[in-house]
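Q: Predicted model and sequence below, questions to follow.
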Amino acid sequence: MAGGKIKKDKAKAGAGAHAPYQGGVSFHKSKGQHILKNPLLVDSIVQKAGIKSTDVILEIGPGTGNLTKKLLEAGKMVIAVEVDPRMVLELQRRFQGTPLSNRLKVIQGDVLKTDLPYFDLCVANIPYQISSPLTFKLLSHQPAFRCAIIMFQREFAMRLVAQPGDKLYCRLTVNTQLQARVFHLLKVGKNNFRPPPKVDSSVVRIEPRKPRIEVKQKEWDGFLRICFNRKNKTLGSIFRQKTVLALLEKNYKTLQALNLSQGLVENKDAEIDFSRLGDSNEDETMEVDDDGADEEIEMEDGDAEGEPSEFKQKVLTVLKEGDFEDKRSSKLTLQEFLYLLSLFNKSGIHFS
Ligand SMILES: C[S@@+](CC[C@H](N)C(=O)[O-])C[C@H]1O[C@@H](n2cnc3c(N)ncnc32)[C@H](O)[C@@H]1O
């Protein structure tokens, strides 16, 4: 999808024409308070959200309500979650006595700690420090919403939409794209905000996959962490590392012992059909401590030396079977990750 740049001059013209509503409040950077001062940009975000008059819209961090007002005009109802009581007061003052007020519900609190109600759409200019946990909180929300139109820091947005081979393609990308289709909508310069943040921004559209792609979450997470620990190394080299092999062999033996004690044959229950699309398992929520970059897990770099053990042989056979040995995580598609994990699991090799 093509992105457009909201230019500085437009921002200035817009700001001059209609000063942003600031109320009497001062802004706190610690709460990511950078309000939208360009009404043209607000209009563009609302227009790109494709709001229907029947939509219940979730807004995160309404601030003084510049976006909220347009959302109220376009949809049926806006539920706004705001952590700062001063902003909540401003918002109430702003809409009190207007016809819009009975379609606005304000929840005061930290969105990350709030049980979210039903919503069709999420439209928000968020505090950037909560980008990652908020994204995954939204994606685990049930029932799934239609789409979310969210302003993120530019680099975070580019990680969300990255494709295999792009510099910013990372674990965050794959984890997000497992659950949603993500499109870049708009590039937004710093001067569209008051006060201007230090970084540029982008608006993206996130559409949850329906039906969801089923994975066992801990398994998937453990697998991706290993694959992306050194995303530019070949998978052959990653899976030859002593620490990786030791971890996987430990899991393998634990599972075998469990199966034996329960009288199960090897690999029963181990097979996951990743091609199947269906409803999510509600118990399996995404655990995310991901700020977008791939962290380096402390791992001894050495290869397991000498004659390959039976287990190492097993791991390498899986990589060869799928032709993955010389491939790198930085260039693997979501489908390839799903396929490789399914091959490991079929061989009784697990990541959690
Ligand atoms: C970038 S400002 C956006 C303000 C307004 N939506 C606008 O575009 O003009 C982010 C807003 O999120 C609020 N906020 C910060 N952390 C929050 C959290 N954890 N939960 C809910 N709101 C939060 C801030 O107080 C602020 O009002």
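A: Thanks, I have the structure now. Numbers count the residues shown, from 1 in each chain.
Q: any chance you could map the strands in the protein?
A: In the chain, the segments counted as strands under DSSP state E are 4-6, 35-36, 56-60, 77-82, 104-108, 121-125, 147-153, 180-188, 193-194, 201-208, 212-213, 277-278.
Q: Those strands into TSV, with extra columns for mean neighbour count and distance to Lys167?
A: (C-beta placed from N, C-alpha, C; glycine too.) Formatted as TSV, the entries for the strands of the chain read as follows, by neighbours: other CB atoms under 10 Å; distance: least, CB to CB, whole Å:
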stretch	mean neighbour count	distance to Lys167
strand 4-6	15	21
strand 35-36	23	29
strand 56-60	24	29
strand 77-82	24	34
strand 104-108	17	38
strand 121-125	26	26
strand 147-153	24	16
strand 180-188	20	15
strand 193-194	20	26
strand 201-208	22	16
strand 212-213	18	25
strand 277-278	11	30
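Q: Those: lowest mean pLDDT?
A: Per-stretch mean pLDDT for the strands of the chain is lowest at strand 277-278 (a mean of 31).
Q: Tell me who's in contact with whichever residue of the stretch 201-350 of the chain sits closest to the ligand.
A: Per CB to the nearest ligand atom, Ser201 is where the stretch 201-350 of the chain lies closest to the ligand, at 9.3 Å. Ser201 makes contact with Met151, Phe152, Gln153, Arg154, Ala157, Lys187, Val188, Gly189, Lys190, Asn192, Phe193, according to CB atoms under 8 Å, 6 or more residues apart in numbering.
Q: Leaving out chain neighbours, which residue sits closest to the first one?
A: This means Met151. Sequence neighbours aside, Asn125 is the residue nearest to Met151 in space, at 4.3 Å (criterion: CB to CB, 6 or more residues apart in numbering).
Q: still on that earlier bit, and the gap between the residue nearest to the residue of the stretch 201-350 of the chain closest to the ligand when sequence neighbours are not counted and Ser202?
A: The spatially closest residue to Ser201, leaving aside those adjacent along the chain, is Val188, at 4.2 Å (CB to CB, 6+ apart). The spacing between Val188 and Ser202, counted by CB to CB, to the nearest Å, is 6 Å.
Q: Could you count how many residues lie near whichever residue of the stretch 1-150 of the chain sits closest to the ligand?
A: Relative to the ligand, the nearest point of the stretch 1-150 of the chain is Gly61 (2.1 Å; CB to the nearest ligand atom). Neighbour count of Gly61, defined by other CB atoms under 10 Å: 24.
Q: near the ligand, which residues of the protein show up?
A: 31-36, 60-63, 66-67, 81-84, 87, 110-112, 125-127, 130 (CB under 6 Å from any ligand atom).
Q: What's the ChimeraX syntax to select whichever of those residues are buried?
A: Taking 16 or more other CB atoms under 10 Å as the burial criterion, the selection of buried members of these in ChimeraX is written as:
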select :31,32,33,34,35,36,60,61,62,63,66,67,81,82,83,84,87,111,125,126,127,130
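Q: Spit out the contact partners of Leu316.
A: When contacts are counted by CB under 8 Å, 6+ apart, Leu316 is found next to Gly236, Phe239, Arg240, Pro308, Glu325.
Q: Same check on Val204?
A: When contacts are taken as CB under 8 Å, 6+ apart, Val204 is in contact with Ile149, Ile150, Phe152, Ala157, Leu160, Val161, Val182, Phe183, His184, Leu185.
Q: In the residues you listed, find the pair that's most separated.
A: Pairwise distances among the contacts of Val204 were taken by CB to CB; the largest, 13.6 Å, belongs to Ile149 and Val161.
Q: Glu82 is in contact with the residue of the stretch 1-150 of the chain closest to the ligand, correct?
A: Yes: with contacts counted by CB atoms under 8 Å, Gly61 reaches Glu82, the gap being 6.1 Å.
Q: so Asp84 makes contact with Ser30?
A: No: proximity of Asp84 to Ser30 does not meet the contact threshold set by CB under 8 Å, at 10.2 Å.
Q: So what's the residue count around Arg146?
A: Residue crowding around Arg146 was assessed by other CB under 10 Å; the count is 16.
Q: How much space separates the residue nearest to it when sequence neighbours are not counted from Tyr252?
A: Setting aside the residues directly before and after it, Arg146 is nearest to Asp120 in space (CB to CB, 6+ apart), at 5.2 Å. Asp120 sits at a distance of 45 Å from Tyr252 (criterion: CB to CB).
Q: shaky segments in the chain?
A: 1-19, 263-307 (pLDDT under 70).
Q: contacting residues for Arg205?
A: With CB under 8 Å, 6+ apart as the criterion, the residues that contact Arg205 are Met1, Lys48, Cys147, Ala148, Ile149, Val182, Phe183, Leu185.
Q: Quick check: Cys168 touching Arg159?
A: That one is not Cys; residue 168 is Leu. Yes: in terms of CB under 8 Å, Leu168 counts as a neighbour of Arg159; the distance is 4.7 Å.
Q: who has more neighbours, those two?
A: Arg159 (26 against 17).
Q: Just the CA atoms of stretch 169-180, as CSV, please.
A: Presented in CSV, the C-alpha positions along stretch 169-180 are these (Å, rounded to 0.1, in the frame of the first residue of the first chain):
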residue,chain,number,x,y,z
TYR,A,169,13.1,-8.0,9.6
CYS,A,170,13.2,-9.4,13.1
ARG,A,171,11.4,-11.6,15.6
LEU,A,172,8.9,-8.8,16.2
THR,A,173,8.1,-8.8,12.5
VAL,A,174,7.5,-12.5,12.4
ASN,A,175,5.5,-12.6,15.6
THR,A,176,3.3,-9.8,14.5
GLN,A,177,2.8,-11.1,10.9
LEU,A,178,1.9,-14.5,12.4
GLN,A,179,-1.2,-12.9,13.9
ALA,A,180,-1.9,-10.0,11.5
